[in-house]
Structure formats: C-alpha cells, structure tokens
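# Next input, structure requested:
(chains A and B)
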There are 2 protein chains.
Amino acid sequence: VSDEPDAAASRVTQQLTFLLELDKAKSVYRRSYLTTEDRLEDDAQHMWHLALFVLVLAEHAAEPIDVLHTLELVLLHDVVEIDAGDAFIYDEEARLAKEELETAAAERIYALLPPDQRDRFRSVWDEFEARVTPESRFAASVDRLQPLMLNHATSGRSWREHGVVADQVRKVNAGIARGSPALWHAAQALIEDAVAKGYLPDPGP
Amino acid sequence: VSDEPDAAASRVTQQLTFLLELDKAKSVYRRSYLTTEDRLEDDAQHMWHLALFVLVLAEHAAEPIDVLHTLELVLLHDVVEIDAGDAFIYDEEARLAKEELETAAAERIYALLPPDQRDRFRSVWDEFEARVTPESRFAASVDRLQPLMLNHATSGRSWREHGVVADQVRKVNAGIARGSPALWHAAQALIEDAVAKGYLPDPGP
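Purely as a prediction, here's the structure:
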C-alpha cells in the first residue's frame, strides 16, 4: 500500500499552514504613511509595492539581475517581522537589537513549510540580509527608495514625527547607489525637493 | 548635443509616477477579513499574499507554468480596482457592471508608464482576465483559494455578513480545479469543514 496520496495531502497542508501564517504580515505596521488615507503602511503592502518596483525598475540595476529571484527576495524580506516587529530605519539601536529576534522568527516561520521549501526560502532571506549578490543589492535599493517616496508624497510626515533631519536621510539612502546609480540620482532629487519644500529640516551637520 | 540624459531622467520620472499611483491599491478594500485584527483586507495585501501562494504552490499547477510570468499576473491583477473598486465575488451583477470601469482604469493607469512598459503591463492584465494561458488559469485558482482560506480562518465572517451559502461557495470555487486539481481538493476540504463547523450555511439547492 502506497502512502503517496497521504504524503501529497500533508505537503499541501503544510504549505497552506505557512501561507495562512503569512496573513499576520498585514498587521505589522511600518513608519511610512499611505498617500490616500490616514494610516501607516503595513509589511504586506510594502512587500507588494517593492515587487512592483522590481518589475518596473529592474532595467536600472547597477549589474544584470535575475528578476524572478529579486522578486523572491522582496516578497519575503519582511516576513520575519511577524514575530520581530518593524524597526525604524533611522533608529540604529532598535535595528541592532532586532537581529536575534529575526533569526528566531525565520527559524519558526519557515519551519512551517516542507523541508525543501523551508531551506530554500530561508536561504532567500539570508541572502537578502547579506547583500552580497546583485539581486540583493538591488532589492535593498528599492527597499530604501520606496519609503523615501512615500515620505516625500506625504509632506515628510513620518520624518517630522520622528525628528529626522536631511543629513540622516542622505546618509541612510546613499546606499541606494550600490544597487542602482540611476535610482540614487532620482532619490537625491526627492530628498533635496523635500528640503526645499520644508518637509525635511536641514540644520546642517 | 545628445538629449539622452534627459530622456533617461524622464523615463525614471514616469516609472516613479506610476509606482506612486499604485500606493492607492492599499486603500481598496475587499470583503475578506484579516485573521489578526478587525479589518478588511486591501488589494495590495491580497496581491502580495497571492504572490506567495504562487511561489509556494506552483508545483501543484495543472500544467507547467512560468513562475515569473505568473507572479506578474497576480501582482498586477487588481491594480485597475484603484479606479473601479472591488466587486464581491458572490455578487454577479456588480461584477458585470465593473468590466467597463476596469478597462477605462487600465487605460488611465498603465498610460502613466513609458510606452513599452505601458503595453507590456496592459497585456499582462488582459491575459489575466482572459484565462486562456496555463499561468492565468493558475493565477485564477489561487485568487479563489486565498479568500476562501481567510473566510475559513475567520469562522466564515464575510460569508455570514453577506448571506452566502455553501452551494454558492462550491460553485464559484469549482473553477480552482482548472488551474490545479490538487488545490481544488484542498479547497473542497475547507468548504466542507466550514459547513461542518457552522461557518457556512448549507440549506441545499
């Protein structure tokens, strides 16, 4: 008697359990405000938006990239925040404290999958964090550019609420150039426009 | 004097304008409730979730599929609802009335892109709607399965609020089998479990 049908059903069950767990990313809030209503963006929305950034902007990558692989990176990169929460990009202390929590989260969440997929998706997240491939560098660039655009489009609301100044924004986002000089050029224009319009205080160093 | 740098800058500007417009999909609400808070799912969250369904479940497609292309289909399929709004899957009248609005929305929104990308992404949406490729059939299957899972996980809240009964759910979701017999098998188990648990009334035909 073969147990293949049972094994197949159990595989689907594990996969759907993982997918249902991901629903929680829709309730992990970030620091960017949406442009159309008075609500903070959540991780699921952010990851969807980044996937579109990859589809539309891949031609501007500093090095040739595999688009499917870059999509995997951005679609999964914040899933660990289901357990670890979001750390504000301008809060360096919170970002350091988060590393251990995120590793534990990756262990728990990816273990819901069948072993082959657990290992594959876990390595996708490790790659995003390490930033040593062209795909992960481009993913990191759009992960910076997207909140910058939302902040600019909401008159710098999140920057002002958190007392962020222009030099912090210039420094944190300069890394965009590693993945895409063209997008860093566009980001600089947004930052300087935000300063000119008074969305972002520029008291100097 | 070459105008290439200006043309390149203008291309990036068009692309970023399109990407900022997409932010509005985060405020188009659906009829499914999230599992972790008392809030309806929005289109951006739904499209992200579907992208993960594609990455995890592609092996169950009825025919071999190109995963990158299937991701494009699900990541873009509800963008037209920025203008046209969401029509409940169990409201056939609303769905028919929406077709014209959605076509006009596709014209407006994709025209924000440079012409080559406008044509390419518009054809991706047309393909999703036509359901004649293996990729679009699989995309349609996960587009049915995902809200079914959320409804099951929230004790059928949305079904009960809208007076939906088991035979409607069985009929609307039977199409899952075209894209994936294995996922239709899993969907049937969820539907019958929902009936058994009283999440979904089953008064018979």
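# Could you use CA atoms for every contact and neighbour count after this?
Fine.
# Run through chain A and note the low-pLDDT ranges.
A:1-5, A:205 (pLDDT under 70).
# What residues does it have near chain B?
Applying CA under 8 Å from any CA of the partner chain, we find that chain A lies next to chain B at A:9, A:12-13, A:15, A:19-20, A:22-24, A:26-27, A:34-37, A:44-45, A:47-49, A:51-53, A:55-57, A:67-68, A:72, A:75, A:117, A:149-150, A:183, A:186.
# Any idea which residue is closest to the centre of chain A?
The structure's chain A has its C-alpha centroid closest to residue A:143; by CA atoms, centre = their mean the separation is 4.9 Å.
# That one is in what secondary structure piece?
Assigned by DSSP states H and E, residue A:143 belongs to helix A:134-153.
# Tell me the first helix or strand C-terminal of that helix.
helix A:157-161.
# ok, the closest residue to residue A:118 other than its chain neighbours - contacts?
Distances taken as CA to CA, 6 or more residues apart in numbering or on different chains put residue A:110 closest to residue A:118, at 4.9 Å, once the chain neighbours are dropped. Each residue near residue A:110 by CA atoms under 8 Å, 6 or more residues apart in numbering or on different chains is listed here: A:18, A:118-119, A:121-122.
# Pull out the buried members of these.
The neighbour-count test (16 or more other CA atoms under 10 Å in any protein chain shown) marks A:18, A:118, A:121-122 as buried among the contacts of residue A:110.
# quick one: which of the residues you listed sit in helices?
Residues of the buried ones among the contacts of residue A:110 located in helices (DSSP state H): A:18, A:118, A:121-122.
# quick one: contacts for residue A:69?
residue A:135.
# again, but for residue A:45
Neighbours of residue A:45 in contact, by CA under 8 Å, 6+ apart: A:26, B:26, B:44-45, B:48.
# Secondary structure and distance to residue A:158 added to the residues you listed, as a markdown table?
Listed next are those as a markdown table, based on DSSP: H, G, I helix; E, B strand; the rest coil; distance: CA to CA, whole Å:
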| residue | secondary structure | distance to residue A:158 |
| --- | --- | --- |
| A:26 | helix | 20 |
| B:26 | helix | 18 |
| B:44 | helix | 21 |
| B:45 | helix | 22 |
| B:48 | helix | 24 |
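# of these, closest to residue B:139?
Within the contacts of residue A:45, the smallest distance to residue B:139 is 12.6 Å, found for residue B:48 (CA to CA).
# would residue A:30 count as being in a strand?
Yes - secondary structure of residue A:30 (DSSP: H, G, I helix; E, B strand; the rest coil): part of a strand.
# ok, it touching residue A:44?
No - counting by CA atoms under 8 Å, residue A:30 stays clear of residue A:44, with 10.2 Å between them.
# ranges for the strands of chain A?
A:29-33, A:40-42 (DSSP state E).
# mind giving me a markdown table with those strands and columns for mean neighbour count?
What follows is the strands of chain A, written out as a markdown table (neighbours: other CA atoms under 10 Å in any protein chain shown):
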| stretch | mean neighbour count |
| --- | --- |
| strand A:29-33 | 21 |
| strand A:40-42 | 20 |
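# Indicate which one of these is closest to residue B:172.
strand A:40-42 (30.1 Å).
# Sheet-wise, list the partners of the closest one with their directions.
The strands beside strand A:40-42 in its sheet (DSSP bridges) come out as strand A:29-33 (antiparallel).
# and residue A:166, what does it touch?
So, once contact is read as CA under 8 Å, 6+ apart, residue A:166 ends up touching A:191, A:195, A:200-204.
# Could you identify which of those has the most neighbours?
In terms of neighbour count, residue A:200 stands highest of the contacts of residue A:166 at 26 neighbours, by other CA atoms under 10 Å in any protein chain shown.
# And that one, its phi and psi?
Main-chain dihedrals, residue A:200, degrees, to the nearest 10: phi -140, psi 110.
# one step back: tell me the one of the contacts of residue A:45 nearest residue B:135?
Taking those together and measuring to residue B:135 by CA to CA, the closest member is residue B:48, at 16.9 Å.
# For that closest one, which non-adjacent residue is closest in space?
Residue B:48 sits nearest to residue A:48 (CA to CA, 6+ apart), 4.7 Å away.
# cool, and residue A:169?
residue A:191 (7.5 Å).
# Can you lay out the contacts of residue A:110 as CSV showing distance to residue A:161?
As requested, the contacts of residue A:110 are arranged in CSV below (distance: CA to CA, whole Å):
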residue, distance to residue A:161
A:18, 35
A:118, 39
A:119, 40
A:121, 35
A:122, 35
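# Between the ones in helices among the buried ones among the contacts of residue A:110, which sits nearest residue A:95?
residue A:122 (20.0 Å).
# isn't that closest one right up against residue A:106?
Yes - counting by CA under 8 Å, residue A:106 is a contact partner of residue A:122 at 6.8 Å.
# hang on, the earlier thing: looking at it, the residue nearest to the centre of chain A is touching residue A:52, isn't it?
No - counting by CA under 8 Å, residue A:143 stays clear of residue A:52, with 11.5 Å between them.
# what's near enough to touch residue A:178?
Per CA under 8 Å, 6+ apart, neighbours of residue A:178: A:62, A:137-138, A:141.
# If you rank those residues by neighbours, which is first?
residue A:138 (31 neighbours).
# any idea which of the contacts of residue A:178 is closest to residue A:89?
For these, the closest approach to residue A:89 (CA to CA) belongs to residue A:141, at 13.3 Å.
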